[in-house]
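# structure for this input, please:
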Amino acid sequence: MSGIVGLWRLDGQPVDRGGFAEAMSAMEHRGPDGSAVLVDGNFALGQLLMRTTPEDSPRARVEKSGRYTLVSDARVDNRAELIRQLGLSPSEATSDSQLILAAFERWGEESPNYLIGDFAFVVWDADRRRLFCARDVMGVRPFYYHFTPGKWFAFASEVNALYKLQLESRKLDEEMVALFLAAPQAYMQEVHRTTLKGLYRIPRNHTLELSATSPLRLRPYWEPPDETLQLKDNAAYAEAFRDVFSKAIRSRLRSTTSVGSMLSGGLDSSSITCLARELADDGSLPLHTYSAIYPDLVTESNGEIDERDYIQEVANLEGIEAHYIRADKLGPFYQFDTVVEAFGQLYFGGNAFFHWRAAQLSKQHGHRVLLDGADGDSVVSHGMEYGRELLRRGEWELFKKVVGTKGEEDKLAWEYFNAYGGWEHMHRLAAKGRFLAYWSKSFSGARALGLRPWEMGAGPGASPFALAAVPLQRWFSGEPSVTDSTKNADYDLLSEEMVDAHGDWIRARLKSSTVSGAENKITRRWEGLRQFQHMMETLDVLAAANQVEMRFPFFDRRVLEFCLALPGLQQRQDGLGRFVLRNAMRNTVPEKIRLRGDKGNLTAGFTHGFTRLHPDFVIDAIENGPVELSRLIDISTAENLQKAVRQGDSDASDRNLALYRVIALSRWLSTTAHR
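Residues are numbered from 1 along each chain as shown. Purely as a prediction, here's the structure:
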């Protein structure tokens, strides 16, 4: 992890060296091993260095080769392959930045396709007066920019650095603020705009090109696989996955210091930790683990929040040094204003305070690298959609193989029929007047699952008359067959002014943010992963502030390519999601974790932050918020919501994330980061 910053004055004005120095200083935590600046009239580049791999340059420098100049925040994982392709000597001391520049000299704008790793880089072509920028496939490394045609293009790894250039003042993009408050699911799908006017991000998997004579151009450079992977059997898939997953983890164990790993007790983080322990050199052990625990909340959560037994299964292994974070003493508002200041824009971290504290401890323990299994379940997939697809097609024998009963509580046939959308599907057929399909599905499904035909669309215990009455009732009543996504928003959080100004736009975004209309299943899954760019940007800031680099093996491009191409039976089989991962981790991950079918429920811990840890903070943020807050939100709704949440209203607890977003807005408007 390093930092980059740059400014091109398109109006020909010279770069303000003082302002540029301030931008560099705003990210000095990203440069404990030095910094370098190149200023050439109306153009400037800055590089901050934090050495996290043995191949990193011993000192910070702006890389130059002929007409090209490069700055980067990057870790290249396919170094040996690139060195061979580029005809370089393996014995040469070549940094990752030098490899990227050599790749650009060979392949130009196609060079990002040849890079595997996490990166954000900029190449300046002095002869053609052209900028080329790129960001890795998942957007692990951040890249923010301002662009005003004919005036300037500026970029930086962090928001605060950009504003130190004093090109623009921080002004809210009220459309995006409204989306943030009312429809976070659509907000997370927006990977280009931010909540600040004129502040943009290069989206994950995109390049940006700009010259003095051509408009700015953004384009994706990598496409997900278009064909499903076909291997011999379960064992072959498991072996192939283990191979690619091992490469991803081994690449991320390259470090100048010892390595840490987040450990929740779930399958994803346990798989990374256990396999990293096996792959690490003896000299780099022990592997430090960081786990959030809630001893004080075990009873009131009925044990659902307690992951300690699972965590201990891994912590007891040789080569592990476990550290515990008392999350029940910290809560989601732990050092909240400090985090909001560091992020520089609207913050939506939720339980990311785990990572903030883990990064603080990592720095104390002397390591700069922290592995994390964030959303590995989304990459490998639980396979629920595959089960629903089989149900809709009436492929009952395969459906039974997928849903099974192993690894989780035994379910009655009706319960797992409904769990995979069976009842909803039957209602949809009836509402559309597709009675023959309804009755055919009722009889074939009942025969395969051991149910009665009239229960398929009406539920257990229904009368045989329901076989005719229920579909006719659905058809006559005109009940909608699908949920209206535009109604799934917290419009009541917004002030009347905001609803009037942006309500229609929010509804349009909710409609367009769905990925169900994508061309094929692989593309739909890839588009569904878009939302994690926000998480990457959040965790990057939290770690960087503590001079720690987060690394995510499940977001390795090789792992993505493999998992996106998996057939449904490798996603889910015998009732177990992430089936291929479980098979691949046999004899590596303790069986208690490898075969667990549930996961911890941290809701009680999140609510605990509102009700007991930080009640005064919550009250103050709503009732004594800045004046501007009342123009953006409905204060009455927010006050009623915070009172209900603090009083333990079970209905209100379902909306504690909505209250969290209001508090995040209030605190951001109150911090110096807003000014």
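
# what stretches of the protein score poorly on pLDDT?
Along the chain, the parts satisfying pLDDT under 70 run over 93, 405-412, 478-487, 513-519, 650-653, 672-675.

# next up, phi/psi of the residue lying farthest from the centre of the chain, please.
Computed with CA atoms, centre = their mean, the residue of the chain farthest from its C-alpha average is residue 465, at 48.5 Å. In this entry, residue 465 is assigned phi and psi values of phi -60, psi -20 (degrees, to the nearest 10).

# how near is it to residue 471?
With the distance defined as CB to CB, to the nearest Å, residue 465 ends up 12 Å from residue 471. Quick note: C-beta positions are derived from backbone N, CA and C, even for glycine.

# identify the residues contacting the residue farthest from the centre of the chain.
The neighbours of residue 465, taking CB atoms under 8 Å, 6 or more residues apart in numbering as the test, are residue 454.

# ok but residue 6 is inside a strand, no?
Yes - under the criterion used here (DSSP: H, G, I helix; E, B strand; the rest coil), residue 6 sits inside a strand.

# what about it, neighbour count?
When counting by other CB atoms under 10 Å, one arrives at 26 neighbours for residue 6.

# for it, give the beta-bridge partners.
In this entry, residue 6 is beta-bridged to residue 45, residue 155, by DSSP bridges.

# what's the separation between it and residue 208?
As defined by CB to CB, residue 6 lies at a distance of 12 Å from residue 208.

# what's the answer for residue 503, then?
Here the criterion is CB to CB. By it, residue 503 lies 32 Å from residue 208.

# those two: which is more packed in?
Neighbours per residue (other CB under 10 Å) separate residue 503 from residue 208, with residue 208 holding more: 22 against 17.

# where does that one land in three-state SS?
The three-state assignment at residue 208 reads strand, by three-state DSSP.

# tell me, what residue is most central in this structure?
In the chain, the C-alpha closest to the average C-alpha coordinate belongs to residue 532, at a distance of 2.2 Å (CA atoms, centre = their mean).

# can you verify that residue is assigned to a helix?
Yes - counting by three-state DSSP, residue 532 is found in a helix.

# can you give me the helices in the stretch 351-500 of the chain?
In order along the chain, the stretch 351-500 of the chain carries the following helices (DSSP state H, counting those that start in this stretch): 353-365, 376-380, 384-393, 396-403, 413-419, 422-431, 435-449, 466-477, 496-512.

# export those helices to a markdown table and tack on distance to residue 336?
As requested, the helices of the stretch 351-500 of the chain are exported to a markdown table (distance: least, CB to CB, whole Å):
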| stretch | distance to residue 336 |
| --- | --- |
| helix 353-365 | 8 |
| helix 376-380 | 27 |
| helix 384-393 | 34 |
| helix 396-403 | 42 |
| helix 413-419 | 37 |
| helix 422-431 | 39 |
| helix 435-449 | 50 |
| helix 466-477 | 48 |
| helix 496-512 | 24 |
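
# and of these, who's closest to residue 49?
Closest of the helices of the stretch 351-500 of the chain to residue 49 is helix 353-365, at 17.0 Å (criterion: CB to CB).

# go through that closest one and flag the buried ones.
If you call a residue buried by 16 or more other CB atoms under 10 Å, then helix 353-365 has these buried ones: 353, 354, 355, 356, 357, 358, 359, 360, 361, 362, 363.

# same question, stretch 196-214
Neighbour counts over stretch 196-214 (16+ other CB under 10 Å) mark 196, 198-210 as buried.

# quick one: terminal-to-terminal distance for it?
End-to-end distance for stretch 196-214: 25 Å, by CA to CA, to the nearest Å.

# what about the strands in the stretch 501-650 of the chain?
Taking DSSP state E, counting those that start in this stretch as the test, the strands found in the stretch 501-650 of the chain are 549-551, 572-573, 576-577.

# one more: the stretch 251-400 of the chain?
In chain order, the stretch 251-400 of the chain shows strands spanning 259-262, 287-293, 320-326, 369-371, with DSSP E, counting those that start in this stretch as the criterion.

# okay if I get these as JSON lines plus mean neighbour count and distance to residue 400?
Listed next are the strands of the stretch 251-400 of the chain as JSON lines, based on neighbours: other CB atoms under 10 Å; distance: least, CB to CB, whole Å:
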{"stretch": "strand 259-262", "mean neighbour count": "25", "distance to residue 400": "36"}
{"stretch": "strand 287-293", "mean neighbour count": "24", "distance to residue 400": "37"}
{"stretch": "strand 320-326", "mean neighbour count": "17", "distance to residue 400": "39"}
{"stretch": "strand 369-371", "mean neighbour count": "25", "distance to residue 400": "37"}
